[in-house]
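Enquirer: have a look; sequence and predicted model below, questions after that.
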Amino acid sequence: MSSEPLYDLLLTGATVIDPSQSLSAIRDVGVKGDRIVEVAENIQASAHRRIDLSGRILTPGFIDIHAHIYAGSTSWGIRADALCLATGVTTVVDAGSSGWANFWGFEENIAAPSRTQMLAFVHISGIGLTYGPLGELEDIRYACPERTAGVISAWPQTCVGVKIRMGRFQLGDNGIQPLLLAVEAATSTGTPVMAHLGPGIDLAEVLSILRPGDIVTHCYHDKGDDIFGAGENILPAVWEARERGILFDVGHGGGSFAFHVARRALAQNFTADVISTDLHSSSLEDPVFSLPETASKLLNLGVPLDVVVRQCTTAPAESIHRADELGTLRPGTVADLAAFEVQQGSFEFHDIRDERLVGEQNLNPVLTVKSGTVYAPDDLAAERERDRLRANRMKALSRGDIDTFLKG
């Protein structure tokens with residue numbers, strides 16, 4: 001009588017890159033149920049399914065800590081489940097699309113039914129980001145730290161912190177006061193603040209209020225009041241904030257990642273802690289596309305591959321206080337993994353200014369494992385296409401192109 005296979009899934013032959021364990025070597029990975037059981041050389045045990053990944057890299061599942069995925073309830077939201085699972089992303093965090101008043105809908109309609117793990121920063125504005133162009137904190141009465149903290153406390157499995165957009169278009173004349181309320185809510189729940197950087201703020205003042213572990217997103221934007229100020233060197237306040245433990249996130253989006261700013265920052269040894277997409281209905285196809293596409297841009301700007309992997313796995317897991325389970329391949333943790341082919345050739349990338357970057361490397365997703373279940377990009381193609389068309393309709397409606405929206 002044959003014995004039951006030891007593993008449900010055995011991934012073999014890949015170069016495993018796991019920054020949480022300082023590991024970069026050819027290893028096999030054994031999975032039982034939804035858990036990683038073993039990471040070792042040349043595992044000989046039997047398995048129900050064995051996949052040869054020779055010549056590929058295998059990493060913890062990618063984590064995107066800044067996206068907008070509240071589809072159907074906000075002008076920003078996209079359906080991201082198939083996109084994530086086709087591109088190696090096993091956890092995605094919505095960055096403030098919901099506030100306390102509409103979070104319950106996010107939990108029940110987006111997070112609960114998804115295959116991808118979907119988490120959320122809850123906006124300090126109760127209305128969240130329902131409709132992009134209008135400032136959600138122009139009326140400070142929308143900001144309520146008590147209700148925001150209440151929602152985070154009620155859904156700790158989904159809520160990872162507090163979101164705020166710091167810019168004149170979002171805050172109106174309220175200045176720094178909404179940030180103080182966001183910090184109040186985050187402090188009472190023991191979670192980080194994610195602060196969007198935009199023009200019309202005193203960056204040094206914002207940074208002075210943020211606490212160690214808080215996250216500044218859009219760190220490579222060029223819309224004014226950025227990390228360089230009006231000079232050629234990174235502001236002393238930015239360096240001081242990093243020394244205090246404030247984290248800096250790329251947050252690409254449709255208007256917040258400029259190659260020329262990233263090049264200057266990298267030349268001064270200022271590398272973002274985390275890479276995220278800021279995917280939404282108006283950035284999905286141009287210029288973001290996916291987290292591996294965004295990561296490839298940083299790779300071709302000179303960030304080493306092992307650092308890029310850390311920026312997409314271990315670092316974001318740490319930033320949302322989930323490093324005990326996510327962003328790692330330690331035995332006993334959830335079986336979230338991503339396999340990529342590091343393609344060599346000539347690849348074209350674009351930033352928010354449509355600047356063209358021709359690079360020699362590209363991270364091409366070949367396999368995603370979410371809680372032990374295997375997903376291949378081709379298997380998700382039809383679902384992704386439906387989601388893309390839906391996002392384009394919302395993009396058209398948001399821009400006032402009613403004819404395109406009605407045509408579908």
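Expert: Yes, it's here.
Enquirer: how about the longest helix seen in the chain: buried residues?
Expert: Ranked by number of residues, the top helix in the chain under DSSP state H is helix 381-398. Buried residues in helix 381-398, counted by 16 or more other C-beta atoms under 10 Å: 384, 387, 388, 390, 391, 392, 393, 394, 395, 396, 398. C-betas here are computed from N, CA, C, even on glycine.
Enquirer: look at the third one and report its pLDDT.
Expert: Residue 388 carries a pLDDT score of 95 in this model.
Enquirer: picking that back up, after the longest helix of the chain, which helix or strand is next?
Expert: Using DSSP states H and E, the next helix or strand after helix 381-398 towards the C-terminus is helix 402-407.
Enquirer: CA atoms only for that following helix - export them in CSV, please.
Expert: Coordinates of each C-alpha in helix 402-407 appear next as CSV, following Å, rounded to 0.1, in the frame of the first residue of the first chain:
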residue,chain,number,x,y,z
ILE,A,402,-20.2,60.0,-20.6
ASP,A,403,-20.4,58.7,-24.1
THR,A,404,-17.5,56.3,-23.6
PHE,A,405,-18.9,55.2,-20.2
LEU,A,406,-22.3,54.4,-21.8
LYS,A,407,-20.7,52.5,-24.7
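Enquirer: so how far is that helix from its chain's centroid?
Expert: Put simply, helix 402-407 sits 30 Å off its chain's centre (C-alpha atoms, centre = their mean, to the nearest Å).
Enquirer: so what does it touch, helix or strand wise?
Expert: helix 381-398 (3 or more C-beta pairs under 8 Å, 6 or more residues apart in numbering; DSSP states H and E).
Enquirer: what lies in contact with the helix it packs on?
Expert: 71, 75, 77-83, 86, 131-132, 281-282, 284-285, 402, 404-405, 408 (C-beta atoms under 8 Å, 6 or more residues apart in numbering).
Enquirer: how distant is that helix from the center of its chain?
Expert: On the basis of C-alpha atoms, centre = their mean, the separation between the geometric centre of helix 381-398 and that of its chain is 20 Å.
Enquirer: just the C-alpha atoms of that helix, please, in CSV.
Expert: Extracted in CSV, the C-alpha atoms of helix 381-398 (Å, rounded to 0.1, in the frame of the first residue of the first chain):
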residue,chain,number,x,y,z
ALA,A,381,-6.6,36.3,-18.3
ALA,A,382,-10.4,36.4,-19.0
GLU,A,383,-11.2,37.6,-15.5
ARG,A,384,-8.5,40.3,-15.7
GLU,A,385,-9.9,41.5,-19.1
ARG,A,386,-13.4,41.9,-17.6
ASP,A,387,-11.9,43.9,-14.7
ARG,A,388,-9.8,46.1,-17.0
LEU,A,389,-12.9,47.0,-19.1
ARG,A,390,-14.8,47.9,-15.9
ALA,A,391,-11.9,50.1,-14.7
ASN,A,392,-11.9,51.9,-18.1
ARG,A,393,-15.6,52.6,-17.8
MET,A,394,-15.1,54.1,-14.4
LYS,A,395,-12.1,56.1,-15.6
ALA,A,396,-14.2,57.5,-18.4
LEU,A,397,-17.1,58.4,-16.0
SER,A,398,-14.7,60.0,-13.6
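Enquirer: can you name every helix or strand that the helix or strand in which residue 152 is found contacts?
Expert: For residue 152, the host element (DSSP H and E) is helix 145-154. With contacts taken as 3+ C-beta pairs under 8 Å, 6+ apart, helix 145-154 sits against strand 117-123, strand 159-166, helix 177-189.
Enquirer: quick check: domain ranges of the protein?
Expert: Here the domain parsing of the chain from automatic domain parsing is 7-59+334-381, 62-319.
Enquirer: and the end-to-end length of the first one?
Expert: To tie it back to what came earlier, the one meant is domain 7-59+334-381. Taking C-alpha to C-alpha, to the nearest Å, the first and last residues of domain 7-59+334-381 lie 29 Å apart.
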